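# Here is a sequence together with a model predicted from it:
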Amino acid sequence: MLFYDCSTAPNPRRARMFIAEKGLQIETRDISIAKGEQFSEAFKAVNPNATLPVLVTDEGTVLGENLGIAAYLEARFPEPPLMGRTPDEKGLVLMWNSIVEQQGGVPIAEVLRNTHPAFADRALPGPENHAQIPELAQRGATRVGHFFDLLETRLAESPYLAGPEFTLADITAFVFVDFARVIKRRIPEGNSATLTWHEKIGVRPSAQL
Ligand SMILES: N[C@@H](CCC(=O)N[C@@H](CS)C(=O)NCC(=O)O)C(=O)O
């Protein structure tokens with residue numbers, strides 16, 4: 001297998017944490033988004049969508065989405081399970097992963113990519129350029145607040161997002177919560193359930209990567 005990573009970006013970090021939680025060591029190439037290496041002909045020959053992470057399997061299949069990478073690794077290396085054991089658990093993990101991507105990852109990216117000068121004309125990842133829309137950043141900022149509320153409500157009733165066990169959904173949420181620092185947002189001080197959850201995950205070896 002070959003893993004294409006980017007040490008500074010949140011989505012590759014999700015895959016990196018998943019790989020580490022599985023106890024796997026996979027040959028890795030770092031692609032610098034800051035230097036625009038995702039647009040090199042060599043990398044676009046691997047992933048024409050010009051995004052990271054990418055996992056190329058031993059069979060030569062190119063997996064260019066976190067969910068595809070996680071599903072592949074979970075099927076090939078089932079222990080420890082990170083996507084649920086029972087049908088109900090599996091459903092809950094994907095449900096919470098999706099909620100976190102849509103309600104957390106999207107608004108955080110909307111704020112960053114529609115305000116920061118580094119993303120002028122790069123408001124969306126991918127091979128095409130898109131102009132920034134300042135209104136999207138404003139809407140995103142409001143939605144980030146709702147995301148922190150949503151996390152607190154869920155984590156006040158459940159130790160981890162999908163239930164009693166640490167899963168893919170927690171990796172996704174942990175990475176996006178950490179990444180929110182780039183838009184100067186942190187877990188609100190009074191959100192004690194989220195702070196406890198974040199502290200618990202923060203000491204895992206995979207969270208140091
Ligand atoms: N849906 C993809 C998202 C991949 C993505 O957006 N990656 C960003 C890095 S966090 C990227 O490749 N950005 C390249 C760019 O901004 O040009 C996944 O879950 O893997």
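Happy to help now that I have it. Residues are numbered from 1 along each chain as shown.

# Please identify the buried residues of the biggest helix by length in the chain?
Ranked by number of residues, the top helix in the chain under DSSP state H is helix 134-155. By 16 or more other C-beta atoms under 10 Å, the buried positions in helix 134-155 come out as 136-137, 140-141, 143-144, 147-148, 150-152, 154-155. C-beta coordinates here come from the backbone N, C-alpha and C atoms, glycine included.

# I figured residue 173 hits residue 102, correct?
No. At 11.9 Å, residue 173 does not count as touching residue 102 under the criterion of C-beta atoms under 8 Å.

# More neighbours: which of these two?
residue 173 (30 against 12; other C-beta atoms under 10 Å).

# quick one: contacts for the more buried one?
Contact analysis of residue 173 by C-beta atoms under 8 Å, 6 or more residues apart in numbering lists 96, 100, 104, 151, 161.

# just how off-centre is the longest helix of the chain within its chain?
16 Å (C-alpha atoms, centre = their mean, to the nearest Å).

# With just CA atoms, put that helix into PDB.
Output in PDB follows, covering the C-alpha atoms of helix 134-155 (Å, rounded to 0.1, in the frame of the first residue of the first chain):
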ATOM      1  CA  PRO A 134     -17.800  36.200   2.000                       C
ATOM      2  CA  GLU A 135     -21.400  35.500   2.900                       C
ATOM      3  CA  LEU A 136     -20.500  31.800   3.100                       C
ATOM      4  CA  ALA A 137     -17.900  32.600   5.700                       C
ATOM      5  CA  GLN A 138     -20.500  34.400   7.800                       C
ATOM      6  CA  ARG A 139     -23.000  31.600   7.600                       C
ATOM      7  CA  GLY A 140     -20.100  29.100   8.400                       C
ATOM      8  CA  ALA A 141     -19.200  31.000  11.500                       C
ATOM      9  CA  THR A 142     -22.700  30.700  12.900                       C
ATOM     10  CA  ARG A 143     -22.800  27.000  12.000                       C
ATOM     11  CA  VAL A 144     -19.500  26.300  13.800                       C
ATOM     12  CA  GLY A 145     -21.300  27.500  17.000                       C
ATOM     13  CA  HIS A 146     -24.100  25.100  16.300                       C
ATOM     14  CA  PHE A 147     -21.600  22.300  15.800                       C
ATOM     15  CA  PHE A 148     -20.100  22.900  19.200                       C
ATOM     16  CA  ASP A 149     -23.600  22.800  20.700                       C
ATOM     17  CA  LEU A 150     -24.400  19.600  18.900                       C
ATOM     18  CA  LEU A 151     -21.200  17.900  20.100                       C
ATOM     19  CA  GLU A 152     -21.900  19.000  23.700                       C
ATOM     20  CA  THR A 153     -25.400  17.600  23.600                       C
ATOM     21  CA  ARG A 154     -24.400  14.300  22.300                       C
ATOM     22  CA  LEU A 155     -21.300  13.800  24.400                       C
END
